[in-house]
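Asker: no FASTA, just this:
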Ligand code: MN
């Protein structure tokens, strides 16, 4: 490889040049002491990273300087954030510790850098759930300080801008992650420019050819667009000049990414999109006049061009919860094309570009904008803090709340509430208070009585009706769309089921006593098996509800404290194959686990079948017959390509053999949890464990255990017992050692 010649003196000069160019954009760090803090952070970072280089061969310190510059220039952040941006990689990559940061700079800096360190870079995810877990961790830092996310976005933006030097595989990973999470996050924080750049750069690396193709076509059509914009804006400019208004007009083309999106997702040809754009009119207007002035411009624009009445958006009277303020209208141009016109003041424009960060600049902004953002962050925190089923569901829900557009509704007192589009009266009730949600029976929307499932619209006035007797119902989960309402309902249902279950448990205990059946898990499992309930909790619940009547129990025998039901004969699982099964079975079924039948077989490690699983045999070239589960990931290929080598197989009734099965589970980390789990496995269920491992991270634990079971029935009841533990969120069978 070619090694670039390094001139250390020249490099030092370049580092200083870059540092000075950072200082030039630190407009908000004016005092001497603020400058001194930035200087100190710079010196600490230079020293800490002195022996490190980026993939491009450049000194590593270029990166933190660039991130700090983005934070100051493009996000408008202040001194603390600039200091943290300069130091953002020191704790993770160098000898500097969080204590050092606190001693050298302060508590606030420690919190922010701690947050940044927790969101480690792109790790090598072995599966999607790890990735989702990492995102979840990242979003959790939102509750520390929003600057963590802003600096992280600056970091990601610089990494995306300099992605050329990474290996192709890394490029794809980083670009996908950016598109999946960082761009929507930037969007939700109101950072539209950064969102667009992140999307465009992601596309550039994910689909370089398509990206380049769109760029080329945009260049070719540039002149046509400029001519159109000039002609379109000419009469407007004349009128604005005549009135002596100060303004700036920008014609903005769609981003490369949004053009690509239209072409690929909606099948619209490039020719129909390239000249679709928005005209932005930015007014130089004092804050007390800006609303009136914007409407004045609206009136001028619509004097020349016919507006589409459905496409008027007034985000000046009611700003978006991200703080976005603007007046949008879509008008018909003389060439018959719709053109979006955005009208806003220069203050609003800066808010739109820099989002949350610009709030600090305009201290005299009405309280509401800032508190709305806080409210949004509060909602995010609520979602984060309530344990959801698994990390992937969680991210999906969260992403939904990132993308969804909003509606604005009012309480009877006239308070404004923001909800995602599609929200129902029940969502609204839960947003006011969980107790209002639990007891909600309906609502009056604009004084008319409506049901829980009524979809709300912007401008509705909603009065929730409650009843003490009302309780959360299972079907409410189909009515609500907000993540926080869903979670509250789920928790309430689980709680209620448990309470009712307690009664059922007592009833079963009494029945057992009368019958002289011991209260041990083997007997409870027998009941669960016989009544085919999902779990013991479900069994108790159904007993309490009366859908299982213990008085009508029949076909059972009691032997020394054990209850046993007569077992129905299970139909034999038969594997359908198109071709006739070949030797050695000659159409017969291979019985597995039967000593009398001396057929050599092994259990496939890709799906680890155990008795009770539906299985088939596959004749391999050198390893005899392998037994696979019919839902083995390889089954379809084996059956379709080598049907002639597939033989029917079923388990013999012998239950004496024990089989190894791996289970993985996750949940909320809690004291004594490991003990609880191992107790269930070894004491309650009397199952042998071969190996167990736990890992806890940020309050979430992941565990793996290898157990010895007889068959699927045995396995399922073990899994149900584990699932019944409150802190346990998921229990899954590990399909293979590689999962
Ligand atoms: Mn970094």
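Answerer: Structure's in. What do you need? These numbers were taken from a predicted model, which means no experiment stands behind them.
Asker: mind listing the strands for the stretch 501-650 of the chain?
Answerer: Counting by DSSP state E, counting those that start in this stretch, one finds strands in the stretch 501-650 of the chain at the ranges 556-559, 562-565, 590-592, 601-603, 615-619, 625-629, 646-651.
Asker: would you turn those strands into CSV with mean pLDDT and mean neighbour count?
Answerer: No exception for glycine: its C-beta is placed from N, CA and C like everyone else's. Shown next, in CSV, are these (pLDDT from 0 to 100; neighbours: other C-beta atoms under 10 Å):
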stretch, mean pLDDT, mean neighbour count
strand 556-559, 84, 11
strand 562-565, 86, 16
strand 590-592, 67, 20
strand 601-603, 77, 16
strand 615-619, 80, 25
strand 625-629, 83, 22
strand 646-651, 75, 23
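Asker: Surely residue 325 is in contact with residue 349?
Answerer: No: applying C-beta atoms under 8 Å as the test, residue 325 and residue 349 come out as separate, 9.2 Å apart.
Asker: and the two? which has more neighbours close in?
Answerer: Between residue 325 and residue 349, counted using other C-beta atoms under 10 Å, the more crowded position is residue 325 (25 against 20).
Asker: tell me the secondary structure for the more buried one?
Answerer: coil (DSSP: H, G, I helix; E, B strand; the rest coil).
Asker: residues in contact with it?
Answerer: Applying C-beta atoms under 8 Å, 6 or more residues apart in numbering, we find residue 325 in contact with 315-316, 319, 344, 348, 351-352, 369.
Asker: Could you identify the most distant pair in those residues?
Answerer: Spatial extent of the contacts of residue 325 (C-beta to C-beta) is set by the pair 344 and 369 at 14.0 Å.
Asker: Between those two, which is the more surrounded one?
Answerer: residue 344 (25 against 20).
Asker: sorry, back to before: distance to the ion added to the strands of the stretch 501-650 of the chain, as CSV?
Answerer: Output for the strands of the stretch 501-650 of the chain, formatted as CSV (distance: least, C-beta to the ion, whole Å):
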stretch, distance to the ion
strand 556-559, 66
strand 562-565, 63
strand 590-592, 55
strand 601-603, 47
strand 615-619, 50
strand 625-629, 45
strand 646-651, 53
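Asker: give me the residue from the stretch 501-650 of the chain nearest the ion.
Answerer: Proximity of the stretch 501-650 of the chain to the ion (C-beta to the ion) peaks at residue 633, 37.5 Å away.
Asker: typo on my end, it should be the stretch 101-250 of the chain
Answerer: Using C-beta to the ion, the closest approach of the stretch 101-250 of the chain to the ion is made by residue 155 at 4.3 Å.
Asker: Hmm, that residue is touching residue 88, no?
Answerer: Yes: Residue 155 lies in contact with residue 88 (C-beta under 8 Å); the separation is 6.1 Å.
Asker: How about residue 719, nearest residue that isn't a chain neighbour?
Answerer: What sits nearest to residue 719 in space, not counting adjacent residues and going by C-beta to C-beta, 6 or more residues apart in numbering, is residue 731, at 5.0 Å.
Asker: Pull out the buried positions in the helix or strand that contains the one you found.
Answerer: Assigned by DSSP states H and E, residue 731 belongs to strand 728-733. Neighbour-count burial for strand 728-733 flags 728-729, 731, 733 (criterion: 16 or more other C-beta atoms under 10 Å).
Asker: so which two of these are the farthest from each other?
Answerer: The largest distance within the buried residues of strand 728-733, taken as C-beta to C-beta, falls between 729 and 733 and amounts to 15.6 Å.
Asker: Can you report phi and psi for the nearest residue to residue 628 once chain neighbours are set aside?
Answerer: Spatial nearest neighbour of residue 628, excluding adjacent residues (C-beta to C-beta, 6+ apart): residue 604 at 4.6 Å. Backbone torsions of residue 604, given as degrees, to the nearest 10, read phi -70, psi 140.
Asker: now do residue 245
Answerer: Dihedral pair for residue 245: phi -80, psi 140, per degrees, to the nearest 10.
Asker: and what of residue 414?
Answerer: Dihedral angles (degrees, to the nearest 10) for residue 414: phi 90, psi 10.
Asker: For burial, what's the neighbour tally of it?
Answerer: 7.
Asker: And for residue 243?
Answerer: Around residue 243 there are 12 residues (other C-beta under 10 Å).
Asker: ditto for the one 10 residues further on
Answerer: A total of 18 residues lie near residue 253 under the criterion other C-beta under 10 Å.
Asker: Kindly report the same for residue 553.
Answerer: The number of residues packed near residue 553 is 15, by other C-beta under 10 Å.
Asker: contacting residues around it?
Answerer: Residues in contact with residue 553 (C-beta under 8 Å, 6+ apart) are residue 511.
Asker: which non-adjacent residue is nearest residue 48?
Answerer: Closest residue to residue 48 apart from its sequence neighbours, by C-beta to C-beta, 6+ apart: residue 94 at 4.1 Å.
Asker: actually residue 477, not the one I typed
Answerer: Once flanking residues are discounted, residue 477 sits nearest to residue 489: 5.8 Å by C-beta to C-beta, 6+ apart.
Asker: Please apply the same query to residue 206.
Answerer: Closest residue to residue 206 apart from its sequence neighbours, by C-beta to C-beta, 6+ apart: residue 175 at 4.9 Å.
Asker: Relative to residue 200, how far out is the one you found?
Answerer: In this view, residue 175 and residue 200 are 11 Å apart by C-beta to C-beta, to the nearest Å.
Asker: go on, residue 222?
Answerer: 17 Å.
Asker: Which one's more surrounded, the two?
Answerer: A count of neighbours by other C-beta under 10 Å puts residue 200 above the other of residue 222 and residue 200, at 20 against 12.
Asker: can you list the residues of this protein near the ion?
Answerer: Neighbours of the ion within the chain, by C-beta under 5 Å from the ion: 89, 155.
Asker: Let me see the domain layout of the chain.
Answerer: Annotated domains of the chain cover 8-206, 215-360, 405-481, 492-565, 585-651, 659-734 [automatic domain parsing].
Asker: first vs last residue of the longest one, how far apart are they?
Answerer: This stretch, domain 8-206, spans 36 Å end to end (C-alpha to C-alpha, to the nearest Å).
Asker: how many other residues sit next to residue 192?
Answerer: Neighbours of residue 192 under the rule other C-beta under 10 Å: 17.
Asker: So it is in contact with residue 354, correct?
Answerer: No: counting by C-beta under 8 Å, residue 192 does not reach residue 354; the two are 9.6 Å apart.
Asker: one step back: got the contact list for the residue nearest to residue 48?
Answerer: Contact analysis of residue 94 by C-beta under 8 Å, 6+ apart lists 48-49, 52.
Asker: and if you look at residue 489?
Answerer: Going by C-beta under 8 Å, 6+ apart, residue 489 touches 430, 437, 472, 476-477, 480.
Asker: Please repeat the previous calculation with a cut-off of 7 Å.
Answerer: Neighbour list for residue 489: 472, 476-477, 480 [criterion: C-beta atoms under 7 Å, 6 or more residues apart in numbering].
Asker: Relative to the whole chain's centre, how far out is the one helix or strand it maps to?
Answerer: Under the criterion of DSSP H and E, residue 489 resides in helix 483-515. Put simply, helix 483-515 sits 31 Å off its chain's centre (C-alpha atoms, centre = their mean, to the nearest Å).
Asker: Stretch 443-454 too?
Answerer: The answer for stretch 443-454 is 32 Å, by C-alpha atoms, centre = their mean.
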